[in-house]
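In: have a look at this prediction, sequence included:
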Amino acid sequence: MSLKISNNSLVAKNYIVVDSGGVHYCYNTLLGGEKRMAFSQIDCILMSADHKLSIHMGSESYSIQVNPNDPKHQAVINALLQEVRRTALPPGGG
């Protein structure tokens, strides 16, 4: 499994990849960077009214604009939510 959402512009490269190992987030401009995180490290996932997906880990937040009508974007969001929920359960269920 490797699912990707890209939201690139002329000056910035912004994408998120969800795979079996976790999430790879990239935001590259002059000061941007990349971040790799395990599903179990993610504290919260939010979707704003203007369709910006945000992943919160501790005091850090990583965001990307998504299209809720795009089936590929929906697949990434659903896989992300499923894996974060799965890894958040205590051993033996919950």
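Out: Sure, I can see it.
In: correct me if wrong: residue 86 contacts residue 42.
Out: No. Residue 86 lies out of contact with residue 42 (CB atoms under 8 Å); the separation is 11.5 Å. (Glycine included, C-beta is placed from N, CA and C.)
In: looking at the two, which one has more neighbours?
Out: Comparing residue 86 with residue 42 by other CB atoms under 10 Å, the one with more neighbours is residue 42, at 21 against 10.
In: now the more buried one, nearest residue through space, not along the chain?
Out: residue 84 (5.0 Å; CB to CB, 6 or more residues apart in numbering).
In: okay, that neighbour: pLDDT?
Out: Residue 84 is assigned 96 on the pLDDT scale.
In: correct me if wrong, but it is in a helix.
Out: Yes. Remark: residue 84 belongs to a helix, assigned using DSSP: H, G, I helix; E, B strand; the rest coil.
In: residue 45 is in contact with that one, correct?
Out: Yes. Counting by CB under 8 Å, residue 45 is a contact partner of residue 84 at 6.3 Å.
In: neighbour count: those two, which is higher?
Out: Neighbours per residue, other CB under 10 Å: of residue 84 and residue 45, the larger number sits with residue 84, 21 against 15.
In: for this protein, what spans make up the helices?
Out: Secondary structure of the chain (DSSP state H): helices at 71-88.
In: where do the strands sit along it?
Out: 2-6, 13-19, 22-28, 33-37, 44-47, 52-57, 60-65 (DSSP state E).
In: got those as CSV, with distance to residue 77 columns?
Out: Formatted as CSV, those follow (distance: least, CB to CB, whole Å):
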stretch, distance to residue 77
strand 2-6, 8
strand 13-19, 9
strand 22-28, 12
strand 33-37, 16
strand 44-47, 8
strand 52-57, 7
strand 60-65, 10
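In: so which of those strands comes closest to residue 80?
Out: For residue 80, the closest of these is strand 13-19, at 5.0 Å, according to CB to CB.
In: send me the closest one as CSV with only the CA atoms.
Out: Taking C-alpha atoms only, strand 13-19 is exported to CSV below (Å, rounded to 0.1, in the frame of the first residue of the first chain):
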residue,chain,number,x,y,z
LYS,A,13,6.2,21.0,-3.2
ASN,A,14,3.6,19.6,-0.8
TYR,A,15,2.5,16.0,-0.5
ILE,A,16,1.6,13.3,1.9
VAL,A,17,2.2,9.5,1.3
VAL,A,18,0.5,6.9,3.4
ASP,A,19,2.1,3.5,3.3
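In: right, I'll call it a day here.
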